[in-house]
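[1] Sharing a model that was predicted from the sequence below.
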Amino acid sequence: MKKIKIAIAGIGNCSSSLIQGINYYKDKDSQEAIGLMHWDIGGYKPHDIEVAAAFDIDKRKVGKDVSEAIFAAPNCTTVFCKNIPKTGVKVQMGKILDGFGEYMKNYPDQNTFVLSEEKEATKGDILRILRESGAEILLNYMPVGSEKAAKFYAECALEAGIAFINNMPVFIASNPEWAEKFKEKNIPIIGDDIKSQLGATITHRVLTTLFKNRGIRLERTYQLNTGGNTDFLNMLDRHRLISKKESKTEAVQSMLTERLADENIHVGPSDYVPWQKDNKICFIRMEGKQFGDVPMNLELRLSVEDSPNSAGVVIDAIRCCKLALERGKGGVLYSPSSYFMKHPPKQFNDDKAFNLTEEFIAGKRDD
C-alpha cells in the first residue's frame, strides 16, 4: 500500500499526538483499534500516513528529527507512544510572522519561548522543501491567532500544488475567496478549526440538538474552558481569540432553529491554568423552558486530554483528503469539512454531517 505523505506546519502538542497515534496503531488490527472513528478509509490505515516535511520556529525543535521534536518543550501532552522510530525528516525553520505570540515570551514552566536563531524561511524555502519532500497534503497547526501565518502556509500549499487541511480557527476554507483559489487550481482543502473527537464543542452541539428535538426551548447557555497548553496561553491575548470564539460560537448557534441573542450565549476559552498542561476542562450550562414553560437547566463538566482528542479526527481528515487527490477532486471538501471542523463552509447537524462523510468515503458523492 502506498503511503500518504504529509507536511506539518507547527510541531506542537497536536502534531505530537498525531505522530504518536500513527505509530501507536501500527501493530493493531481493526478489533484493537480503540479510539478511531474509522480504521480503514479507502484502503488506508492510520499507519499509512508518513511525515515527509515539518516546520517550526522553536530552537528546541528546529533541526531535530521529527521523532524527537514532538517531545520537546513546551509540548506537554500525554505520551502514549514513547518509542517513535527515527523518521529521517528534520524539522525545518519556518516563517515566523504572527506564529510567535506575545505571551509566549514568558512561558511559565519553560522560562521563555526559545525562538530559533536559524534564518527565517522564505516562501521559496518552504516551497522547495515541500516539492522535494513529495508531500501531498500540508497540515496547518499554527498557534491560535496566527492569521498571517495560516494564510502564508495556505498560499504555500496552493503554489506547491498540494492539498491543505486547516486545523486552526483562521477562516480559509470557509472564506469564499480562498475557497475559489483552491477550486481554480483543483486542490482539495478541508477546514476550518478541527473538532475534537469528543470535546466541548461537539458535546455542546449534540446537547443543543437534543434540546431542540425534545421540545425544550434553550434560552441561554455558556461554555467555559480552561487548559494549560500553549494554545490557552496564547489566548490570554484576547485579540488572538477573536476567530476561535467566533468558530466555537457559530458551531453551537448553527444547531438552533432561532439564534440566541449575543448576550445569551458565551462560548469560548476562559483561562490558562499552567498545571493543567494539555488537559482541558470544560463547563457547560444550558438554561431553558420545558412543558408548561417550566424552567430547567443542565450543567456538565468534561475533562479531556486536548491534543489526542483532535488527532483521531485529523487522521480521518488526512485520509479523506487523499481520496480526493486520487479522484481528482479539488476545492473545498464540504462533507468531510462539515463533520471534522467547527467552522466549515456549510454547517449541518452532526448526524447529517456523518452520513455525508460516509457517502464521500464510499465514493457516492462528489462533494
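    Right, received. Where do you want to start?
[2] quick one: low-confidence ranges for the chain?
    Low-confidence regions of the chain, defined here as pLDDT under 70, cover residues 1, 103-115.
[3] ok, now with 50
    Counting by pLDDT under 50, the ranges of the chain that qualify are 111-112.
[4] In it, which helix is the longest?
    Secondary structure of the chain read by DSSP state H shows that its longest helix is helix 306-327.
[5] Give the next helix or strand downstream of it.
    Moving toward the C-terminus from helix 306-327, the first helix or strand encountered (DSSP states H and E) is strand 331-332.
[6] Could you check how far the residue lying farthest from the centre of the chain is from Met286?
    Computed with CA atoms, centre = their mean, the residue of the chain farthest from its C-alpha average is Gly292, at 41.8 Å. With the distance defined as CB to CB, to the nearest Å, Gly292 ends up 19 Å from Met286. Any C-beta I mention is one placed from the backbone N, CA and C, and that applies to glycine too.
[7] quick one, what contacts Leu300?
    Contact analysis of Leu300 by CB atoms under 8 Å, 6 or more residues apart in numbering lists Thr203, Leu207, Cys282, Phe283, Ile284, Arg285.
[8] tell me the angle the helix or strand hosting the fifth one makes with helix 306-327.
    When secondary structure is defined by DSSP H and E, Ile284 falls within strand 279-290. For strand 279-290 against helix 306-327, the angle between stretch directions is 90 degrees (axes from the mean of the first three to the mean of the last three CA atoms, to 10 degrees).
[9] And the strands in the chain, which stretches?
    In the chain, the strands defined using DSSP state E lie at 4-9, 49-56, 91-93, 137-140, 163-166, 188-190, 217-227, 265-272, 279-290, 294-305, 331-332.
[10] And the third one, how far out from the chain middle?
    Centroid separation for strand 91-93 versus its chain: 21 Å, with CA atoms, centre = their mean, to the nearest Å.
[11] neighbouring strands for that strand, and are they parallel or not?
    Sheet pairing here is set by DSSP bridges, and for strand 91-93 it gives strand 49-56 (parallel).
[12] tell me the angle the partner strand makes with strand 4-9.
    Comparing the axes of strand 49-56 and strand 4-9 via the same axes, to 10 degrees yields an angle of 20 degrees.
[13] Dump strand 49-56 to CSV, keeping only the CA atoms.
    What follows is strand 49-56, C-alpha atoms only, in CSV (Å, rounded to 0.1, in the frame of the first residue of the first chain):
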residue,chain,number,x,y,z
ILE,A,49,0.4,8.2,6.9
GLU,A,50,4.0,9.3,6.7
VAL,A,51,5.6,12.7,7.7
ALA,A,52,7.6,14.0,4.7
ALA,A,53,8.3,17.5,5.9
ALA,A,54,7.9,19.6,9.1
PHE,A,55,8.3,23.3,10.1
ASP,A,56,8.6,25.1,13.4
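[14] Just give the nearest non-adjacent residue to Lys123, would you?
    With CB to CB, 6 or more residues apart in numbering as the criterion, Lys123 has its nearest non-adjacent residue at 6.4 Å, and that residue is Cys156.
[15] if I read this right, Cys321 contacts Ile190, doesn't it?
    Yes - shown here, Cys321 and Ile190 form a contact pair, counting by CB atoms under 8 Å, at 5.9 Å.
[16] which neighbours do the two share?
    By the contact definition CB under 8 Å, 6+ apart, Cys321 and Ile190 are jointly contacted by Ala163, Ile165, Leu333, Pro336.
[17] what's the burial count for the third one?
    Other residues near Leu333 come to 28 when the count uses other CB atoms under 10 Å.
[18] who's in contact with it?
    Contacts here follow CB under 8 Å, 6+ apart; on that basis Leu333 touches Pro188, Ile189, Ile190, Cys320, Cys321, Ala324, Phe360, Asp367.
[19] Let me know how buried the residue nearest to Pro143 when sequence neighbours are not counted is, in neighbour terms.
    Here the nearest residue to Pro143 in space, its sequence neighbours aside, is Asn234; by CB to CB, 6+ apart that works out to 4.9 Å. Other residues within reach of Asn234 by the criterion other CB under 10 Å amount to 23.
[20] for Lys26, same thing?
    13.
[21] how much space between it and Ile84?
    If you measure Lys26 against Ile84 using CB to CB, the figure is 10 Å.
[22] Likewise for Ile315?
    Here the criterion is CB to CB. By it, Ile315 lies 16 Å from Ile84.
[23] neighbour-wise, which of these two wins?
    Applying other CB under 10 Å to Ile315 and Ile84 shows that Ile315 carries more neighbours, namely 25 against 19.
[24] shouldn't that one be in contact with Pro46?
    Yes - counting by CB under 8 Å, a contact exists between Ile315 and Pro46, whose distance comes to 5.1 Å.
[25] Now the common contact residues for those two.
    Any residue near both Ile315 and Pro46 by CB under 8 Å, 6+ apart counts here, and that gives Gly21, Ile22, Leu36.
[26] Could you export these as TSV, including neighbour count?
    Putting those into TSV (neighbours: other CB atoms under 10 Å) gives the following:
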residue	neighbour count
Gly21	23
Ile22	23
Leu36	19
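[27] Relative to Lys64, which of these is nearest.
    Taking CB to CB as the measure, Lys64 sits nearest to Ile22 out of those, at 17.7 Å.
[28] Do I have it right that the closest one meets Pro46?
    Yes - Ile22 is in contact with Pro46 according to CB under 8 Å; the separation is 5.8 Å.
[29] Show me the common contact partners of those two, please.
    Common neighbours of Ile22 and Pro46, counting by CB under 8 Å, 6+ apart, are Ile315.
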